[in-house]
Every structure is written in C-alpha cells, then in structure tokens.
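**Q** Quick one: sequence and predicted model below, then my questions.
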Amino acid sequence: ASYPQNSPQREEINSAVKTFLHSLHEGDVFSLGLFLSDSIWLSRKSIPVIQDNIKLARNFLSRKVGTGGPNLSDALKKGFSVRKSSSSIPRHLVLITHGRMTDDGKLFSIIQDELKKKEPRSLSVLCIEACPNAALIEELARKGKGIARFVTTSNGKKDATNSIEGMVRELHEHSSHELF
C-alpha cells in the first residue's frame, strides 16, 4: 500500500487494505508492505489468514511510512521477494495505491524478471480515488498477468467495499486457472 504521509488518501487506502484483508478466505496467505520512498513489511514470508494475523496487519497499518517520493520499484522488488507459502498455487502481489509513481521506467523489467521464475506471482493493482496514471496502472496489471481496478469513495463507502470484495473474488477465480 502506498500513500502520502498525513494525507486524506492515507485513510482511504487504510480502509481499502482493511476491507481487502477481511475479504480474504480461510486458507489464503498474505503479507503486507507499506511504502513511499522506502518500504517496511509485516513479515518476510506469507502468513495465514487467521484473526490474530488480521489484527496484526491492522495494527501494522498504523505505523508511519518513510518520506519522499513514491518509489514503487523498491517495494515491488521486495514484494516479489516475500517468501511464498508452501502451496504451489500461483500467488498474487496486489498493489494498493493512489497511482502517483515516479519510477515507472524500472517497473516493467521487475515484472519481466518475476515472470521468468519457476512459479511467478502475478501483479494486480487496486487504485484508490483519482488516478493520474490510469494507463500505467492498467499496463502494469496486464504485463503482470493480473487485474487492475479503480475504486472511488465518492459513490459511498459501500460501493468501494463492494468493488474491493469483487476484486478479491476475481483474484480467487484467477488463481483457479493455470496462469503461467
């Protein structure tokens, strides 16, 4: 998840992350990273979706993030390096962002490197509110063999929640097919 520190987007993205976490199913695994110019991670490996871990993730969201520009390439590399669970089912890296990125030149090569791995992860992107880089977001998800969704709270929190829950359902459907 990325957002400018001390901004209105922080609460919107935190809310999206919480909704996303609560939409995960028993048997799913996850990790959570926060980034701006640097990134911090909840865990170096994926952890199971259980109440204690969801609570841990919610508490983790309240931590402060570094300052500076939104350096997605570092977070993307670290996200792809989080160890997978023992399951051989392809896993997704889901980026939740406000869509303002400064290092898009490196992103596609990071995705290509991931796709060359024996069991690559797909990259899906959930963009909150107005997105100045909508075409880039869609291309990242397409190249990453994932999905892109754009969520706004202007139609109400229920619409945003329904959109996020729909994305989680779509990711589960996406995982049931051979992706690579």
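**A** Okay, I see it.
**Q** Leaving out the residues flanking it, which one is nearest to residue 164?
**A** residue 19 (4.5 Å; CB to CB, 6 or more residues apart in numbering). Placement of C-beta: from N, CA and C, glycine included.
**Q** List the contacts of the one you found.
**A** 160-161, 164-165 (CB atoms under 8 Å, 6 or more residues apart in numbering).
**Q** mind redoing it with 7 Å?
**A** 161, 164-165 (CB atoms under 7 Å, 6 or more residues apart in numbering).
**Q** ok, now residue 43?
**A** residue 31.
**Q** and it, that's in a strand?
**A** No. Applying DSSP: H, G, I helix; E, B strand; the rest coil, one finds residue 43 to be coil, outside a strand.
**Q** Can you list phi and psi of the residue nearest to residue 164 for me?
**A** phi -60, psi -40 (degrees, to the nearest 10).
**Q** Show me the strands in this protein, by range?
**A** 29-30, 33-35, 39-41, 47-48, 92-97, 122-128, 148-151 (DSSP state E).
**Q** Could you identify which of these is most buried?
**A** Compared across the strands of the chain, strand 122-128 shows the largest average neighbour count, a mean of 25 (mean count of other CB atoms under 10 Å).
**Q** Kindly export stretch 38-54 (C-alpha atoms) in PDB.
**A** Extracted in PDB, the C-alpha atoms of stretch 38-54 (Å, rounded to 0.1, in the frame of the first residue of the first chain):
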ATOM      1  CA  ASP A  38      11.200   3.100   1.300                       C
ATOM      2  CA  SER A  39       9.200   0.100   2.400                       C
ATOM      3  CA  ILE A  40       8.500  -1.900   5.500                       C
ATOM      4  CA  TRP A  41       6.900  -5.300   5.600                       C
ATOM      5  CA  LEU A  42       4.700  -7.100   8.100                       C
ATOM      6  CA  SER A  43       6.500 -10.400   7.500                       C
ATOM      7  CA  ARG A  44       9.300 -11.700   5.300                       C
ATOM      8  CA  LYS A  45       7.000 -14.600   4.400                       C
ATOM      9  CA  SER A  46       3.400 -15.000   3.700                       C
ATOM     10  CA  ILE A  47       1.300 -15.700   6.800                       C
ATOM     11  CA  PRO A  48      -2.100 -17.500   7.000                       C
ATOM     12  CA  VAL A  49      -5.400 -15.600   7.200                       C
ATOM     13  CA  ILE A  50      -6.400 -16.000  10.800                       C
ATOM     14  CA  GLN A  51      -7.900 -13.500  13.200                       C
ATOM     15  CA  ASP A  52      -4.600 -12.900  15.100                       C
ATOM     16  CA  ASN A  53      -2.800 -12.100  11.800                       C
ATOM     17  CA  ILE A  54      -5.500  -9.800  10.500                       C
END
